[in-house]
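**Q** turn this into a structure:
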Amino acid sequence: MNNEIWSNWIRRIEWILNIAKKRNWDYSELTVKEPISRRSFDTLEKELNLTYPEDFKEVLTKYSSGILLQTIVSNIK
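**A** Numbers count the residues shown, from 1 in each chain. Okay, here's the model as predicted:
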């Protein structure tokens, strides 16, 4: 993962949401949560006795700890 890939992914999601808006679909805005600290992630791994892949850790600690999006598609014919 790098900033270019992350930004491209966010732009694509926003593009999809704009289509939903133009078609008057019910949808919610995209919420990108702040990253968590590496220290917090390491503590979580230790408490759960798990080891996550480095690329997963990187996304959660450098880009976002979560993406919130609820999309409801209705009236599709």
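**Q** can we go C-alpha only for contacts and neighbour counts from here?
**A** Noted.
**Q** show me what counts as buried in stretch 15-34.
**A** By neighbour count on 16 or more other C-alpha atoms under 10 Å, the buried set for stretch 15-34 is Leu17, Ala20, Trp25.
**Q** would you reformat the residues you listed as CSV and include pLDDT and distance to Met1?
**A** Shown next, in CSV, are the buried residues of stretch 15-34 (pLDDT from 0 to 100; distance: C-alpha to C-alpha, whole Å):
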residue, pLDDT, distance to Met1
Leu17, 88, 23
Ala20, 87, 27
Trp25, 85, 31
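**Q** out of those, flag the one nearest to Ser40.
**A** Leu17 (31.7 Å; C-alpha to C-alpha).
**Q** helix or strand for the closest one, just tell me which one.
**A** Here Leu17 is covered by helix 3-22, with elements defined by DSSP states H and E.
**Q** packing partners of that helix?
**A** Judged by 3 or more C-alpha pairs under 8 Å, 6 or more residues apart in numbering; DSSP states H and E, the packing partners of helix 3-22 are strand 26-27.
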